[in-house]
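Student: structure of the sequence below:
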Amino acid sequence: MTEAPTYTASEIITVLSARLLKDGQIVFAGIGTPLLAATLAQRLHCPGLTILFEGGVVGAFVEPGKLPPSTNDQRCTKRANMVLGSADVLLLLQRGYVDVGFMGGAQIDRYGNLNSSYIGDPAKPKTRLPGTGGGNDISSLTNMIVAMKHEKRRFVEKVDFITSPGFIRGGNSRAESGLPEGGMFRVITELAVFSFDDKSREMKVLALNPGVTREELQDNTGFDVAFDDDVSVTEPPSIQELTTLRMLDPDRLFIA
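Tutor: Predicted structure coming up:
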């Protein structure tokens, strides 16, 4: 009997995120897990996936072992379709050319609002984070996938600062705030896959990852977790998915 492959938390997040992408889509990917997941999808089932990121690269094709450490790194320009300035690539969002936005964050709340600015009192924060970059533009203008580690300090009742808007206060508040399009589509963690209720816009569990219980999920979440009426269990990463993923990141910079 063949043993099931073992995998890390980062690996299952990356694999489950990659499965959400479809061939022919244009995805605006943040650096790290989002770009790695988009690259994995491109190699496995989305050869026509177009990846772009804030540094201006359109149609990025990441070579194994050469994942860029920042949005301004130019190693993804090889075989890319074009390289634009940051303002021009963000204009593609405004013109409606991007299908999916894909990034992470330090904090997320029940409505999908993301914080990557600071933790604590704004007058004297405990921790300063990288800030928005293009994060606000991406989350304001596209359907979003968020990939992040699942911890109680990250999944909070209310983010300390809304860097990247989700559904704001739930209900119609996103549109009422001047953002009629886009919104949160999925949140992927090592514990579960979340969607958002069509009316309340509250995060809810769509699927639990293998071996995860509802109690464990709630214990690691800083707000009351809502569950879909038909919660399923995700398929674990396959040998092919893990082999390809580890080939792309042989130094395990993002899948440790």
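Student: check contacts around the residue nearest to residue 209 when sequence neighbours are not counted.
Tutor: Distances taken as CB to CB, 6 or more residues apart in numbering place residue 234 nearest to residue 209, at 5.2 Å, with adjacent residues excluded. Where you see a C-beta, it was placed from the backbone N, CA and C, and this is true even at glycine. The contact partners of residue 234, by CB atoms under 8 Å, 6 or more residues apart in numbering, come to 16, 193, 207, 208, 209, 210.
Student: how close does residue 234 sit to residue 5?
Tutor: Here the criterion is CB to CB, to the nearest Å. By it, residue 234 lies 14 Å from residue 5.
Student: circling back: name the member of the contacts of residue 234 with the most neighbours.
Tutor: Among the contacts of residue 234, residue 16 has the most neighbours (other CB atoms under 10 Å), with 25 neighbours.
Student: pretty sure residue 146 is touching residue 109, no?
Tutor: No. Counting by CB atoms under 8 Å, residue 146 does not reach residue 109; the two are 11.5 Å apart.
Student: rewinding a little: so which of the contacts of residue 234 belong to strands?
Tutor: Among the contacts of residue 234, the ones falling in strands (DSSP state E) are 193, 207, 208.
Student: dump those residues into JSON lines; add pLDDT as well.
Tutor: Output for these, formatted as JSON lines (pLDDT from 0 to 100):
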{"residue": "193", "pLDDT": "98"}
{"residue": "207", "pLDDT": "98"}
{"residue": "208", "pLDDT": "98"}
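Student: counting contacts, what elements does the helix or strand where residue 87 lies pack onto?
Tutor: Residue 87 is part of helix 86-94 when elements are defined by DSSP states H and E. Helix 86-94 makes packing contacts with strand 57-58, helix 135-141 when contacts are defined by 3 or more CB pairs under 8 Å, 6 or more residues apart in numbering; DSSP states H and E.
Student: tell me the gap between the first one and the middle of its chain.
Tutor: It refers to strand 57-58. With CA atoms, centre = their mean, to the nearest Å as the basis, strand 57-58 stands 19 Å off its chain's centre.
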